[in-house]
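In: Model the structure of this input:
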Amino acid sequence: MNSGFKFFSCILLLFFTSGRAQEKIVIGEKHALFSKILNENREIWIHLPKTYNDHTISPAKYPVIYVLDGEINFEYYTGMSDFLARTPYADIPECIVIGIKNTERTRDLTPTKSQKKSPVNPNIMLFSESGESENFVRFLQEEVKPFINKNYRIQEYTVLVGHSFGGLFAINTLLTHPEYFNAYVANDPSLWWDNKIMISKTKEYLEKNKEFPKKKVLYVSQADNEEQQKNWNSDMTQAIEDFKKIIEQNGSLYYQHRFFVGEVHGTVSYPANYEALKFVFKGFRTDIKQLAKKPGQLEADYRKLSDRAGTEFLPSETYLNTVVKFMKNNDFKETETYFINFKNKLYPKVK
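Out: Modelled structure (predicted):
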């Protein structure tokens with residue numbers, strides 16, 4: 001190969017490589033908010049569903065998932081939620097995902113001031129910056145949510161997702177402000193905090209209210225943590241078990257507890273969040289093949305889901321387009337007509 005041809009080949013390679021480098025895959029955007037409540041700048045990361053800016057369908061509204069520890073969880077969580085929402089196998093609706101980036105994590109996510117001393121040096125108090133979760137939940141409710149609600153098309157259904165201290169925060173929010181979110185996900189929550197104060201708060205809540213509010217969802221995951229059983233913080237496992245027993249004995253909450261064999265505290269969130277999404281939106285998925293025989297089943301399934309969730313869920317226009325195409329391709333003419341009319345009723349075209 002002569003030197004001129006080599007040079008020409010290199011130029012072509014650089015041209016095509018540079019062209020490909022300009023194509024970016026974007027999963028979200030960052031926004032900076034100044035919080036008057038926290039008196040500091042906070043960063044939130046926002047992921048919009050794939051159909052959010054699709055102009056071939058009617059503008060839709062989407063449930064919102066608030067994910068704590070955004071800098072750790074946002075990237076994988078957005079891909080996971082998109083995967084679970086893909087048609088025609090959608091287990092969940094398409095959702096807007098909000099990642100909340102930390103500044104002072106322990107301060108924001110713990111409900112009480114720490115009184116725990118270091119096992120190495122009893123003169124040192126652990127977690128000295130702690131106990132201000134009430135301010136943080138106000139930040140979410142009074143500053144972040146209004147920003148999201150004003151600037152994006154949202155459905156009135158929200159999910160709070162937390163891990164470790166974030167799981168502690170999620171459960172505390174359920175007990176103190178259950179109306180703030182529709183569903184709560186607590187992955188390997190740090191219920192050992194402050195001599196298991198959350199166990200006491202749960203008992204007090206149920207003694208006062210007898211049961212949890214209707215239409216609320218709680219998912220709790222628990223890691224195996226086998227290698228940590230001899231650690232000074234090993235009471236985490238017992239605290240989660242204590243909490244599980246109280247919730248299951250009461251029986252008023254739409255609740256699931258999952259134990260993940262082989263997962264440790266730092267890895268459990270990934271598989272747990274996958275399972276949690278399917279649990280929170282259980283009943284959303286329908287069998288497209290069965291709809292050919294029972295087209296009315298789709299409306300019945302969504303009415304059942306809406307009744308359990310306390311908000312109206314409808315089949316998306318994207319999914320109905322898929323259903324219509326399936327019926328057409330398989331020559332189910334009557335069912336095709338049924339779903340065309342159903343789609344036009346839900347999503348009338350503006351003339």
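In: all helices for the stretch 1-150 of the chain, in order.
Out: For the stretch 1-150 of the chain, helices defined by DSSP state H, counting those that start in this stretch occupy the ranges 3-21, 70-84, 105-109, 133-139, 145-151.
In: Can you mark which positions in the second one are buried?
Out: Think helix 70-84. For helix 70-84, the neighbour count (16 or more other CB atoms under 10 Å) marks 70, 72-74, 77-78, 80-82, 84 as buried. (Each C-beta comes from the backbone N, C-alpha and C, glycine too.)
In: what would those look like in a markdown table with distance to residue 56 and pLDDT?
Out: As requested, the buried residues of helix 70-84 are exported to a markdown table (distance: CB to CB, whole Å; pLDDT from 0 to 100):
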| residue | distance to residue 56 | pLDDT |
| --- | --- | --- |
| 70 | 31 | 97 |
| 72 | 35 | 97 |
| 73 | 32 | 97 |
| 74 | 28 | 98 |
| 77 | 27 | 98 |
| 78 | 23 | 98 |
| 80 | 26 | 98 |
| 81 | 22 | 98 |
| 82 | 18 | 97 |
| 84 | 23 | 98 |
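In: mind listing what the one helix or strand residue 158 maps to pairs with, with the direction of each?
Out: Assigned by DSSP states H and E, residue 158 belongs to strand 154-163. Paired with strand 154-163 in the same sheet, following DSSP bridges, are strand 62-67 (parallel), strand 183-187 (parallel).
In: so after that strand, what's the next helix or strand?
Out: Next along the chain after strand 154-163, taking DSSP H and E as the criterion, comes helix 165-176.
In: For that following helix, what is the distance to the chain centroid?
Out: How far helix 165-176 lies from its chain's middle: 14 Å, per CA atoms, centre = their mean, to the nearest Å.
In: ok, now stretch 314-333?
Out: Stretch 314-333 has its average C-alpha position 28 Å from the chain's average C-alpha position, going by CA atoms, centre = their mean.
In: Also stretch 26-34?
Out: From the chain centre to the centre of stretch 26-34 is a distance of 17 Å (CA atoms, centre = their mean).
In: Mind listing what's buried along it?
Out: Within stretch 26-34, the residues that count as buried by 16+ other CB under 10 Å are residue 28.
In: Next: stretch 173-187.
Out: Buried residues in stretch 173-187, counted by 16+ other CB under 10 Å: 173-175, 178, 180-187.
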